[in-house]
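# sequence isn't available, so here's the structure alone:
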């Protein structure tokens, strides 16, 4: 699978831009702040319905515009599809496939799949648990697009349950009043049901990606491993793998946490509080791995994601956003050799020398909102 044409309107710095894309390697080269990352960010948005740089859509719309358009032609074998997303901050986004009538934005998930390498990836190792949860959830959605609906349902139920708990906590603090919490059990059931589905998918993913991450780390830093991925649930009682088993364990964990949850007004157990512990040798990578080891670990997770998606069919687009400038020469060359055979590889760099020779291919010069083939 690869993107054959990218069209943007009022997206970030671009009033309008048309970029034909080839299979193989395409590099966007230009000084910082000229719009290179905006191009690959738009491709990534088609795959995840989100940006790897910001958490909301508002910064993606060009200043002075009301909306932004991302449009792409995608080829998979002999099949071609045109997908279009209209970003409307503060309103519902819109989507179309092959110029048909409007569909839900999440209906486009799975048409484009990407694995993105970026300087922000260091947060996978050094950052908060939310970074690692996001990594897992975006990958399970890439594997199974229907999981976007499960994630959305979980967030909705969690919000409703937290609202009820917060109201109960406020009532207790102001006059010692108690609230009718009979509906809390209903929300417990909803949260446990959808949470068990999300949790089961995460556990399955961790088991699948573990050996691939260990292999990738060895390729990037020979003799530096092994690496191990351990899923850490928010409650020690959550140890199963089957959905019904996880459902029962989540229900039991919420019952046990009922008193502190009401006191604090927030849901204390569930996938939204879990973590993925990354180990290097016998120690957790966070806090113990050097800067170079942390970079190798982050890159290994992305390479493992790529290998997993490729093995399951529909090879993803590889995006390397200003990564090579962050790496020493040894890691730079090894990473380039590993990704060079990809069906489509999109690279951004400030100068041509930052792009390894093995990634020779199509190049575009990006400057002051213009994108010209060189």
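Received, thanks. These numbers come from a predicted model, not from an experiment. Numbers count the residues shown, from 1 in each chain.
# show me what residue 117 is bridged to.
residue 320 (DSSP bridges).
# can I assume it is in contact with residue 322?
No. Counting by C-beta atoms under 8 Å, residue 117 sits too far from residue 322 to count as a contact (9.3 Å). No exception for glycine: its C-beta is placed from N, CA and C like everyone else's.
# of those two, who's got more company?
Using other C-beta atoms under 10 Å as the criterion, residue 117 and residue 322 rank with residue 117 on top: 25 against 19.
# could you measure the more buried one against residue 98, distance?
30 Å (C-beta to C-beta, to the nearest Å).
# show me where the chain has helices.
36-48, 122-126, 129-143, 147-173, 184-220, 243-256, 258-264, 291-311, 329-339 (DSSP state H).
# now, of the ones you listed, which is deepest in the fold?
Mean neighbour count (mean count of other C-beta atoms under 10 Å) peaks for helix 36-48 among the helices of the chain, with a mean of 24.
# ok, and what's touching that one?
3, 6, 8, 11-14, 17, 19, 28-30, 51-53, 60, 70, 72, 83, 85, 108-109, 111-114, 116, 138, 141-142, 316-317, 319, 321-322, 346, 348-349, 366, 371 (C-beta atoms under 8 Å, 6 or more residues apart in numbering).
# and residue 345, what is it in contact with?
Residue 345 makes contacts with 24-26, 317-320, 339, 359, 361, as judged by C-beta under 8 Å, 6+ apart.
# same check on residue 331?
Shown in contact with residue 331 (C-beta under 8 Å, 6+ apart): 220-221, 292, 295-296, 299.
# now it: how far from residue 356?
Counting by C-beta to C-beta, the gap from residue 331 to residue 356 is 11 Å.
# before we move on, what about residue 212?
On the measure of C-beta to C-beta, residue 212 and residue 356 end up 23 Å apart.
# what's the local residue count around residue 101?
Using other C-beta under 10 Å, residue 101 has 6 neighbouring residues.
# run through the stretch 151-300 of the chain and note the low-pLDDT ranges.
Scanning the stretch 151-300 of the chain for pLDDT under 70 picks out 175-180.
# if I look at the closest residue in space to residue 217 that isn't next to it in sequence, how far off is residue 209?
Here the nearest residue to residue 217 in space, its sequence neighbours aside, is residue 300; by C-beta to C-beta, 6 or more residues apart in numbering that works out to 4.0 Å. Note on residue 300: its distance to residue 209, by C-beta to C-beta, is 10 Å.
# residue 76 too?
Taken as C-beta to C-beta, the span from residue 76 to residue 209 is 24 Å.
# repeat that for residue 218.
Distance from residue 218 to residue 209, by C-beta to C-beta: 15 Å.
# circling back: list the contacts of the residue nearest to residue 217.
Applying C-beta under 8 Å, 6+ apart, we find residue 300 in contact with 213-214, 216-217, 220, 227.
# and if we set it to 7 Å?
Listed by C-beta atoms under 7 Å, 6 or more residues apart in numbering, the contact set of residue 300 reads 213, 216-217, 220, 227.
# residue 52 too?
Contacts of residue 52 (C-beta under 7 Å, 6+ apart): 41, 44, 116, 118, 120.
# again, but for residue 372
By C-beta under 7 Å, 6+ apart, the residues touching residue 372 are 364-365.
# that one bridge partners, please.
In this entry, residue 372 is beta-bridged to residue 365, by DSSP bridges.
# test my guess that residue 9 contacts residue 70.
No. The pair residue 9 / residue 70 is not scored as a contact, 8.4 Å apart, by C-beta atoms under 7 Å.
# please say which of these two ends up with more neighbours.
residue 70 (22 against 17).
# and the end-to-end length of stretch 20-28?
With C-alpha to C-alpha, to the nearest Å as the measure, stretch 20-28 spans 12 Å from end to end.
# and that stretch, what's buried?
21, 23-28 (16 or more other C-beta atoms under 10 Å).
# which residue comes closest to residue 260 once chain neighbours are left out?
Distances taken as C-beta to C-beta, 6+ apart put residue 268 closest to residue 260, at 6.2 Å, once the chain neighbours are dropped.
# who are the contact partners of that neighbour?
Taking C-beta under 7 Å, 6+ apart, one finds 257, 260-261 in contact with residue 268.
# and if we set it to 8 Å?
Neighbour list for residue 268: 234, 257, 260-261 [criterion: C-beta under 8 Å, 6+ apart].
# residue 278: which of the residues you listed is nearest?
Nearest to residue 278 among those, counting by C-beta to C-beta, is residue 234 at 17.6 Å.
# thought that closest one was touching residue 274?
Yes. The criterion here is C-beta under 8 Å, and residue 234 meets it with residue 274 at 5.4 Å.
# quick one: the strands in the stretch 1-150 of the chain?
Counting by DSSP state E, counting those that start in this stretch, the stretch 1-150 of the chain has strands at residues 2-11, 14-20, 24-29, 68-76, 79-87, 94-97, 114-117.
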